[in-house]
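K.L.:
Show me how the following folds:
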Amino acid sequence: MTLRVFDPTHEGRTAGFTLAPRLATLRGKTVGIITNGKEGTRGFFTHLDRMLRSEFGVADVVWRQKQNYSAPAEQEIIAEARQWHAAVTGIGD
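P.N.:
A predicted model of the protein is given here:
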């Protein structure tokens, strides 16, 4: 009997990237929350929204929901996110 093992990794090479510089503070900044819209994200992100405002002095928290929970965010959200100082995204069931 022959056992064949397949490598599921992508064969193409990905372009390198660098991390964005860390913000010195969140005070007065705009933070975006991108949710997949599943029920499990609402409570967590609502609590995070309160913490960002009350404990970190964030000026504005912008919520956006993807249209398809399993697909990347739409280009409109990506374009808007360029105006934010930071973004949080997550999934939940």
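
K.L.:
what about the helix ranked longest in the chain, distance to the chain center?
P.N.:
Scanning the chain for the longest helix, with DSSP state H as the assignment, gives helix 39-54. Computed by Cα atoms, centre = their mean, to the nearest Å, the chain-centroid distance of helix 39-54 equals 13 Å.

K.L.:
Kindly check the end-to-end length of stretch 32-41 for me.
P.N.:
Terminal residues of stretch 32-41 lie 14 Å apart, using Cα to Cα, to the nearest Å.

K.L.:
Go through it and flag the buried ones.
P.N.:
For stretch 32-41, the neighbour count (16 or more other Cβ atoms under 10 Å) marks 32, 33, 34, 35, 36, 41 as buried. In this view, the C-beta of every residue, glycine as well, is placed from N, C-alpha and C.

K.L.:
Next, the spatially closest residue to the fifth one that is not a sequence neighbour: secondary structure please.
P.N.:
Read that as residue 36. Of all residues not flanking residue 36 in the chain, residue 69 sits nearest, at 3.9 Å (Cβ to Cβ, 6 or more residues apart in numbering). Using DSSP: H, G, I helix; E, B strand; the rest coil, the three-state assignment for residue 69 comes out as coil.
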